[in-house]
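Enquirer: sequence first, then the predicted structure:
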Amino acid sequence: QIFIELTLKKEQEEYAVEKFTWTPIKFFNNKIVWYLIDEKRPHGIFAAMNDTTATAHADSSAEDNSFSQGMGMLASNTHFEARGNKFLV
């Protein structure tokens, strides 16, 4: 998102000011996807992963199952798709 804001959008604004002939490009604001990944409250994917690894105590299969179950709380997010014990962002 920072790259889009600082580079691409600024270039388009400059083109408009300088009256270049060009076709504007619409960019997807990916902040909502970033929040899904990195949000602290409510938990995003990284926070859920940290909680899982802090509480599972050396049983990797328990960590995997706990993490997969924890991802269920993100099911209401339109940018998250649960797929059995896997997920897609």
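Expert: It's in.
Enquirer: would you confirm that residue 12 contacts residue 23?
Expert: No. Using Cβ atoms under 8 Å, residue 12 is not in contact with residue 23, being 9.9 Å away. (Glycine included, C-beta is placed from N, CA and C.)
Enquirer: looking at the two, which is more packed in?
Expert: residue 12 (17 against 6; other Cβ atoms under 10 Å).
Enquirer: give me phi/psi at the more buried one?
Expert: phi -60, psi -40 (degrees, to the nearest 10).
Enquirer: buried stuff in the strand or helix carrying residue 14?
Expert: Applying DSSP states H and E as the criterion places residue 14 in helix 10-17. Of all the residues in helix 10-17, those buried under the rule 16 or more other Cβ atoms under 10 Å are residue 12.
Enquirer: what's the mean pLDDT across that helix?
Expert: Average pLDDT, helix 10-17: 89.
Enquirer: so residue 47 sits against residue 40, correct?
Expert: Yes. Contact criterion Cβ under 8 Å: residue 47 and residue 40 qualify, at 5.5 Å.
Enquirer: neighbour count for the two, which is higher?
Expert: More neighbours surround residue 47 than the other of residue 47 and residue 40, with 16 against 10 (other Cβ under 10 Å).
Enquirer: so how far is residue 59 from the more buried one?
Expert: Separation of residue 47 from residue 59 (Cβ to Cβ, to the nearest Å): 21 Å.
Enquirer: just the helices from this protein, written as ranges.
Expert: With DSSP state H, the ranges of helices along the chain come out as 2-3, 10-17, 31-38, 45-56, 60-70.
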